[in-house]
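Peer 1: With the input below, show me the fold.
(2 chains)
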Amino acid sequence: MPFDPGAKLNLTLKTNKWVFNKAYSRSYYLLINDNNKYQAYILTIIADSDYVKNDLTKLTHNSYRKLDADFSGLVLYYTPKGDYIGGYGYKDGHLVQPETTATQSGSKKTQSVNSGALKPNTMVADCVDWYQQTTVYYEDGHSETFDWVYLDTTCTYRDDGTNTGSTPPAAPPALPPPPPPCPPGTGTGSSPCSPVNVDEVKNNNVPLPPNPGDGGAPPPPAQTPCTVNVKPCPADDPCAKKADVVARATNSIIAAQNTSILTNTIAHGAEYGANQNLASLTGSTYVNTPVTTNGGASTWTIGFSWDSTNGYTVGFSHGHPEGYGPSPADVDALFSPINTQSALRNNATNKQIYEEKASVTTMTSTGSYVVTISNWAALNTLLANSYSDATQQFAFESSYQTILTRYQFDNPGATKGDAGAAALIQLFPGMINVYYAPKGTTSYTPITIGATGAKTITLIQCP
Amino acid sequence: MKKTIFLLTGILLSLNTFAQRIALNKAVGFDVPKNLNKITKEQALAHAAKKFKGDKMVLDFYTGIDDIIIEIKSFDTTFNFEPGHAADLKKGQDALGRKALNYTSNLKIINNNTVVITNSIIKGTGYCYFFCYNASNTRVVSGCLIYAEVDKDKVTVILDPILNGIKFKD
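Peer 2: Here you go, the predicted model:
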């Protein structure tokens, strides 16, 4: 995000449980001399309503030099480019101890002592999804608000008091939300892989500074590269693109399209769909393309554009009225533009951008699926040899139906959506990644199938 | 737990001669027509590898030269299928079948069981599936017949006695 010295900046946050009031936010441009050099930062102070008490003048009491003795809220630091560095939480003037962990997995088990016998406790996870939104106020009076950007999910764990044989511990007191975590892909501890380059990984273990004696804000956290071994995810790793899949699905324009697509597909028994066109090649804003149908129960007419007026097509979303998951035709439609569209075929940069961003979404009554392509060269070969004319396509679709039916044969309680997704994974091994979100959610998770036997679909747990 | 049995049958079959009854589990069994021989999974795999060398999908599914291999699957657990589940299954298969070659389907009521039968022929190999649901939509017995296309007229002859012989206890 470019920084305009003449503009005012507003950064605010929301979670899946609450929204911070943008009006309670103030941002400052800082130049700090650490006796070696000057470092530039954006400092954002977001006050909570308990502190503001509808008196917005209190916001002017707080800056890097001075925080009110009863300040409650967040103090956040960003680079001038808008990358999040770290932050702190305050309650009634006191720094809040962060209590998040990096993992999002389910319950943990701990042992507690009771009358000499160890009994298991059950820890339950309370998870919070964090999103950030930026608003820029220009000198000419207009403002621009960017889309919500998903940052990460943090979980805290609490003892639910079961199985202790003694009085359960009291519920923890209500605390203000913990400081937001590092952006996706950052953290400490070993990890199978990280969706970002190792050089960009930052230390998530920010120790609390001593309480500033002058009453000002604590200094920005040190930007120390992580020293543990965190490998970058290979390009074909399904977890590498999970954040991108979720970000697109939660985009307000895309989300509204998908809702309309599913509603109309089910209501009319026909495929409805919409192109997903970026407004620019460097941003994350989408063009509000129309949701259309040609009335067919198994076809939808896809469009393509690659210009600044109509947008840059990086995928499409459509509904399957019969409930099956993504089909071979969907994969072919996603792949084809790099061969059929001159803007991609004749321009290596455009082609690379398309390959990085391309995805197809299939909406069904039991959930939605997103497919991305992980091996373009292998897929090119397969489609050229097995899907290049009508005869081959009929045979390929027959195979898809047979393998899908086999999945239903081996997994009688499976949804048609899963049966189709499983068949697709088997027909395009190592060439696609498939993500699934339950109906009504955008909680996409990559899926895979068992290697043998019933080949039942399972979720892939990403680090 | 699920149970799968494999049967091997010759092309020429005597109709309505039942040699034995096989219990698939405590809740369902079926009368096996004469000339259907029970074989092991390893025998089924060996049979499948003979004719369709290198065809991965066929090897996954099993097939046989001059013979039809039948795989029948049952489940000890009960399900909670919707009342229109069988019809919905057929409707979905028919929608897919519009894009496929040589596809047919059928829905029948046999001995109060609802049976969906689908048939596809791909590269000279036929794949016939049946899904047999009990009257209360709590149990299912599924079958898969794989055959050479030249034997397609024999499939019904072989399949009908099997479907007529499936009996659920609940």
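
Peer 1: List the buried residues in stretch A:300-319.
Peer 2: For stretch A:300-319, burial by neighbour count (16 or more other C-beta atoms under 10 Å in any protein chain shown) applies to A:300, A:302, A:304-306, A:311-319. All C-beta spots, glycine's among them, are computed from the backbone N, C-alpha and C.

Peer 1: Dump those to TSV, plus distance to A:Thr361.
Peer 2: Compiled in TSV, these are given as follows (distance: C-beta to C-beta, whole Å):
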residue	distance to A:Thr361
A:Trp300	12
A:Ile302	12
A:Phe304	16
A:Ser305	18
A:Trp306	20
A:Gly311	17
A:Tyr312	17
A:Thr313	13
A:Val314	12
A:Gly315	7
A:Phe316	7
A:Ser317	4
A:His318	7
A:Gly319	9
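
Peer 1: Could you report the neighbour count for B:Asp153?
Peer 2: B:Asp153 is surrounded by 8 other residues when neighbours are defined as other C-beta atoms under 10 Å in any protein chain shown.

Peer 1: Chain B: strands as residue ranges?
Peer 2: Across chain B, reading from the start of the chain, the strands by DSSP state E fall at B:2-10, B:18-23, B:28-33, B:36-39, B:67-75, B:104-110, B:113-122, B:125-133, B:140-148, B:166-168.

Peer 1: so the residue of the stretch 201-350 of chain A at minimum distance from chain B is in which element?
Peer 2: Distances from the stretch 201-350 of chain A to chain B, computed as C-beta to the nearest C-beta, single out A:Glu322 as the nearest residue at 4.5 Å. Secondary structure assigned from DSSP states H and E places A:Glu322 in neither a helix nor a strand.

Peer 1: now swap in A:Lys66 and tell me
Peer 2: Using DSSP H and E, A:Lys66 maps to neither a helix nor a strand.

Peer 1: From A:Thr135, how far off is it?
Peer 2: Here A:Lys66 is placed at a distance of 25 Å from A:Thr135 (C-beta to C-beta, to the nearest Å).

Peer 1: dump the residue contacts of A:Ser386.
Peer 2: Taking C-beta atoms under 8 Å, 6 or more residues apart in numbering or on different chains, we find A:Ser386 in contact with A:392, A:395-396.

Peer 1: how about the residues of the stretch 151-300 of chain A that lie near chain B?
Peer 2: Contact residues of the stretch 151-300 of chain A with respect to chain B, defined by C-beta under 8 Å from any C-beta of the partner chain, are listed as A:297-298.

Peer 1: Give me the below-cutoff pLDDT ranges for the stretch 151-300 of chain A.
Peer 2: Along the stretch 151-300 of chain A, the parts satisfying pLDDT under 70 run over A:151-215, A:221-235.

Peer 1: Let me see the contact set for A:Tyr400.
Peer 2: For A:Tyr400, the contacting residues are A:327-328, A:420, A:423-424, A:427, B:96, by C-beta under 8 Å, 6+ apart.

Peer 1: Contacts for the lengthiest helix in chain B, please.
Peer 2: Identified as the longest helix of chain B according to DSSP state H is helix B:85-97. Judged by C-beta under 8 Å, 6+ apart, the contacts made with helix B:85-97 from elsewhere in the structure are A:297-298, A:322-324, A:397, A:400-401, A:404-405, A:408, A:416, B:82, B:103-105, B:107, B:114-116, B:118, B:120, B:131, B:133, B:137.

Peer 1: same question, stretch A:413-424
Peer 2: Stretch A:413-424 has contacts (C-beta under 8 Å, 6+ apart) with A:320, A:322-328, A:331, A:362, A:364, A:366-367, A:369, A:371, A:400-401, A:403-405, A:407-408, A:411, A:432, A:434, A:436, A:447, A:449, A:455-457, B:79, B:92.

Peer 1: are any of the residues you listed buried, and which?
Peer 2: Among the contacts of stretch A:413-424, the ones that count as buried by 16+ other C-beta under 10 Å are A:320, A:322-328, A:331, A:362, A:364, A:367, A:369, A:371, A:400-401, A:403-405, A:407-408, A:411, A:432, A:434, A:436, A:447, A:449, A:455, A:457, B:92.

Peer 1: Narrow the residues you listed to those in strands?
Peer 2: Among those, the residues falling in strands (DSSP E) are A:362, A:364, A:367, A:369, A:371, A:432, A:434, A:436, A:447, A:449, A:457.

Peer 1: what's the spacing between the fourth one and A:Lys439?
Peer 2: Same thing as A:Tyr369. For A:Tyr369, the distance to A:Lys439 under the criterion C-beta to C-beta works out to 11 Å.

Peer 1: With the first one instead?
Peer 2: The spacing between A:Thr362 and A:Lys439, counted by C-beta to C-beta, is 12 Å.

Peer 1: Give me the common contacts of the two.
Peer 2: A:Ser368.

Peer 1: Count the neighbours of A:Gly89 for me.
Peer 2: For A:Gly89, the tally of surrounding residues (other C-beta under 10 Å) stands at 22.

Peer 1: so it sits in a strand?
Peer 2: Yes - counting by DSSP: H, G, I helix; E, B strand; the rest coil, A:Gly89 falls inside a strand.

Peer 1: Dump stretch A:445-463 to PDB, keeping only the CA atoms.
Peer 2: Included here for stretch A:445-463 are C-alpha records, laid out as PDB according to Å, rounded to 0.1, in the frame of the first residue of the first chain:
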ATOM      1  CA  THR A 445      -9.400 -26.500   4.400                       C
ATOM      2  CA  PRO A 446      -7.300 -28.500   1.900                       C
ATOM      3  CA  ILE A 447      -8.500 -32.100   1.400                       C
ATOM      4  CA  THR A 448      -7.000 -35.300   0.300                       C
ATOM      5  CA  ILE A 449      -8.000 -39.000  -0.100                       C
ATOM      6  CA  GLY A 450      -6.800 -42.200   1.400                       C
ATOM      7  CA  ALA A 451      -4.200 -44.000  -0.700                       C
ATOM      8  CA  THR A 452      -6.000 -47.400  -0.700                       C
ATOM      9  CA  GLY A 453      -9.300 -49.000   0.200                       C
ATOM     10  CA  ALA A 454     -12.300 -46.700   0.300                       C
ATOM     11  CA  LYS A 455     -10.100 -43.600  -0.400                       C
ATOM     12  CA  THR A 456     -12.200 -41.600   2.000                       C
ATOM     13  CA  ILE A 457     -11.700 -37.800   2.000                       C
ATOM     14  CA  THR A 458      -9.800 -36.400   4.900                       C
ATOM     15  CA  LEU A 459      -8.900 -32.800   5.900                       C
ATOM     16  CA  ILE A 460      -5.200 -31.700   5.700                       C
ATOM     17  CA  GLN A 461      -4.200 -29.900   8.900                       C
ATOM     18  CA  CYS A 462      -2.000 -27.000   7.900                       C
ATOM     19  CA  PRO A 463       0.700 -25.600  10.200                       C
END
